[in-house]
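Enquirer: how would this look folded up:
(one chain, ligands or ions: 1)
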Amino acid sequence: MAWKKIAEKSEIESGKGKAFKIDGKQIAVFNQDGFHAMDDLCVHQDGSIAPGKLEGNIVECPLHFWKYNIKTGELVDYLKDIKLETYQVQSRDDGLYVDI
Ligand code: FES
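Expert: Modelled structure (predicted):
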C-alpha cells in the first residue's frame, strides 16, 4: 500500500462521485461527508458506480440500481457478504491521495 495522488480536490463536486484510473485499477471517489474511495466496478455487470445517485452513505449503480455503502464498500439490499474494496483517502494541500 502506498499513498498516491488521484485527483485535484476541486474535481469532485460535493454530493457526487467520479471514477479515476490509477495503477491499473478503476476507483470511485465520492465527495460526501468527506472523501471516500472504493473500487468503481459493480459486481453485477461491471457498471461504473461513481456517477450513481447518492443518498447519505448509499450510492446506486446507474445501470441496474444495486446499492453500495460508500464507506464500507458493502453491497446492500441484494446478496449478502459482498463487499468492494475500499481505500483510505487523504485531502492534502495539493490534492486527494488514496492508499492503494
Ligand atoms: S452493473 Fe451495477 S447493477 Fe448492474
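Enquirer: any idea how far the ligand is from F20?
Expert: Going from F20 to the ligand by Cβ to the nearest ligand atom, to the nearest Å gives 18 Å. Backbone N, C-alpha and C define where each C-beta goes, glycine included.
Enquirer: Enumerate every residue touching that residue.
Expert: 6-7, 26-27, 29 (Cβ atoms under 8 Å, 6 or more residues apart in numbering).
Enquirer: redo that, cut-off 6 Å
Expert: 6-7, 27 (Cβ atoms under 6 Å, 6 or more residues apart in numbering).
Enquirer: Most neighbours among those residues, which one?
Expert: I27 (25 neighbours; other Cβ atoms under 10 Å).
Enquirer: buried ones in the helix or strand that contains it?
Expert: Element membership for I27, per DSSP states H and E: strand 25-31. Within strand 25-31, the residues scored as buried using 16 or more other Cβ atoms under 10 Å are 27-31.
Enquirer: gap between the helix or strand that that strand is followed by and the chain center?
Expert: Downstream of strand 25-31, the next assigned helix or strand under DSSP H and E is strand 35-39. Centre-to-centre, strand 35-39 and its host chain are 3 Å apart (Cα atoms, centre = their mean, to the nearest Å).
Enquirer: Now look at whatever helix or strand comes next after strand 35-39 and say if it contacts the ligand.
Expert: Later in the chain than strand 35-39, the nearest helix or strand by DSSP H and E is strand 53-55. No: using Cβ under 6 Å from any ligand atom, strand 53-55 never reaches the ligand; the gap is at least 12.4 Å.
Enquirer: could we number from 39 for the rest of this?
Expert: Understood, numbering begins at 39; the last thing we discussed is strand 91-93.
Enquirer: circling back to that earlier point, could you export the contacts of F58 to TSV, including columns for distance to the ligand?
Expert: Formatted as TSV, the contacts of F58 follow (distance: Cβ to the nearest ligand atom, whole Å):
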residue	distance to the ligand
I44	22
A45	23
I65	16
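Enquirer: would CSV of these with pLDDT be doable?
Expert: Listed next are the contacts of F58 as CSV, based on pLDDT from 0 to 100:
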residue, pLDDT
I44, 97
A45, 96
I65, 98
